[in-house]
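Here is my input, please return the structure:
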Amino acid sequence: MEEILILQMGGTIDKDYPKTTGGRAFEVGEPSVRRVMARLRPSRSVITSLHTVCRKDSLDLTEDDRQALATKVSEASQTRVVVTHGTDFLIDTATHLATHLRHRGVTSKTVVFTGAHTPEKFRDSDADFNIGVAIGAVQAAGPGVFVAMNGILLPWDRVERDDTGQFVPRRRQLPVTV
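Predicted coordinates for the structure are as follows:
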C-alpha cells in the first residue's frame with residue numbers, strides 16, 4: 001500500500017486551550033491527527049507520513065500559506081494526500097490547490113481535505129469521524145481534490161456550506177474557468 005501524506009494547516013481540529021498564563025483564545029497546537037490515528041488503529045497496511053505546513057486558524061491563512069501547501073503537494077513523492085484544515089476557508093484552499101495542480105499539469109494526485117467543527121480534544125468532536133472518512137476516501141478515490149466532511153466525500157467544486165455550517169452538495173454549478 002502506498003504511503004499517505006498528511007498535511008496540517010491548522011484550524012479548529014487542532015485547537016487546544018491556551019498554554020500561556022492569562023491566555024483567553026484557543027491556540028492551534030500539535031496535529032490532532034496523531035492522536036486520532038492512535039485511537040482509530042487503522043490497518044497496518046495504512047502507512048502515513050505527517051508534516052505541518054502551518055498552524056493557523058483558517059481565517060488567518062494567507063496566500064503564502066496556500067501556496068506553501070500547493071508546493072508541498074505538487075513536490076511530494078506521495079500521490080495520496082490528506083489535508084487537515086479549518087472549516088471556515090477549507091473550500092477556498094481546496095479551490096486554490098485544485099487550480100494550482102491543474103495549471104501545473106499535475107493529474108496524478110488524490111487530495112482529501114478534512115477538518116472539524118469542534119476541536120479534537122473535546123468529547124463530542126467530529127474529528128475522529130472526519131479523519132477516518134478522509135483516510136478511507138484518499139485510498140478509494142481517483143485523482144482530484146475532494147472534501148470529506150460530515151460523512152460526505154465530494155469534489156472541491158461540488159461542495160458548499162449551508163446556513164448551519166454543514167458541508168453539503170453544491171446546489172448550483174460553478175462557472176467554468178479556463
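
Mean pLDDT per helix and strand in the chain: which one sits at the bottom?
The weakest-scoring helix or strand in the chain, judged by mean pLDDT, DSSP states H and E, is strand 27-28 (a mean of 78).

Any chance you could list what contacts that one?
Gly10, Gly11, Asp14, Lys15, Asp16, Tyr17, Pro18, Lys19, Arg55, Lys56, Asp57 (C-beta atoms under 8 Å, 6 or more residues apart in numbering). Any C-beta I mention is one placed from the backbone N, CA and C, and that applies to glycine too.

okay, these in TSV with secondary structure next?
Converted to TSV, the contacts of strand 27-28 look like this (DSSP: H, G, I helix; E, B strand; the rest coil):
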residue	secondary structure
Gly10	coil
Gly11	coil
Asp14	helix
Lys15	strand
Asp16	strand
Tyr17	coil
Pro18	coil
Lys19	coil
Arg55	coil
Lys56	coil
Asp57	coil
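
Give me the buried entries from the residues you listed.
Among the contacts of strand 27-28, those classed as buried by 16 or more other C-beta atoms under 10 Å are Gly10, Gly11, Asp14, Lys15, Arg55, Lys56, Asp57.

Go through these and name the one nearest Met149.
Gly11 (11.6 Å; C-beta to C-beta).

tally of neighbours for the closest residue to the closest one other than its chain neighbours?
The shortest distance from Gly11 to any non-neighbouring residue, by C-beta to C-beta, 6 or more residues apart in numbering, is to Gly86 (2.6 Å). If you count neighbours by other C-beta atoms under 10 Å, Gly86 ends up with 23.

Thr52 now?
By other C-beta under 10 Å, the residues close to Thr52 number 15.

Give me the phi and psi for the residue nearest to it when sequence neighbours are not counted.
Nearest residue to Thr52, sequence neighbours excluded (C-beta to C-beta, 6+ apart): Gln8, at 4.4 Å. With angles defined as degrees, to the nearest 10, Gln8 sits at phi -90, psi 130.

Can you name the residues that contact Gln8?
By C-beta under 8 Å, 6+ apart, the contact list for Gln8 reads Asp14, Pro31, Val33, Leu50, His51, Thr52, Val53, Cys54, Arg55, Thr84.

Farthest pair within those?
Spatially, the most separated pair among those is Val33 and Cys54, at 14.7 Å (C-beta to C-beta).

More neighbours: which of these two?
Val33 (25 against 17).

Quick check: which helices or strands does the helix or strand hosting Ile135 pack against?
Element membership for Ile135, per DSSP states H and E: helix 127-140. When contacts are defined as 3 or more C-beta pairs under 8 Å, 6 or more residues apart in numbering; DSSP states H and E, helix 127-140 packs onto strand 4-8, helix 32-40, strand 80-84, strand 110-114, strand 144-149.
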